[in-house]
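Visitor: Need a 3D model of the following:
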Amino acid sequence: MQVYSGIGYERFSMATRRTRTLKAPSTESGFTAVLESIDLRLNAVVEGIDATRSELRAELRAVEQRLTVRIEALEFAVRKNSEDIRKNSEDIRKNSEDIQRLKDQLAELTDVVRGKVDRSELQALETRVSKLETRLGL
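Guide: Modelled structure (predicted):
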């Protein structure tokens, strides 16, 4: 017998089988012997099937355990990612509010600065004031 791929498939080697020509039994004891031979072979097949079934069940349990561990890890990762996404969404909302507030402040400051004179205009004004003060003797 040979076992293939570790899961109990058994095969009888063709080289070990005897080829014989079956003759029809002529007596009741001959029929009984043939039936007993068939019964023995059938029992061997059933035992092989039972062994294969047991090995397959064990293999399926092992695969199920491995997959259960992996599924649990994935579920944990999904829960953690969902928490992180909720937190990031809240942070993005707060950042958007802060950005809008800063835009509004910048617009206000821009309006204030536009109403102010620039440096060259201020220097020209200082020059005029100095001339007036000189004229007035101040």
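
Visitor: what sits against the residue most central in space within the chain?
Guide: Residue closest to the average C-alpha location in the chain (Cα atoms, centre = their mean): L74, at 5.9 Å. Going by Cβ atoms under 8 Å, 6 or more residues apart in numbering, L74 touches no other residue. For every residue, glycine as well, the C-beta is placed using N, CA and C.

Visitor: isn't there a strand covering it?
Guide: No: L74: not assigned to a strand; according to DSSP: H, G, I helix; E, B strand; the rest coil it is helix.

Visitor: Give me the below-cutoff pLDDT ranges for the protein.
Guide: For the chain, residues meeting the criterion pLDDT under 70 lie at 1-26.

Visitor: quick one, helices of it?
Guide: According to DSSP state H, the chain carries its helices in the segments 28-114, 119-136.

Visitor: if we can go back for a sec, separation between the residue nearest to the centre of the chain and R61?
Guide: 20 Å (Cβ to Cβ, to the nearest Å).

Visitor: now D104
Guide: Per Cβ to Cβ, D104 is found 65 Å from R61.

Visitor: go on, T110?
Guide: Counting by Cβ to Cβ - T110 and R61 are separated by 72 Å.

Visitor: now do I92
Guide: According to Cβ to Cβ, I92 stands 46 Å off from R61.
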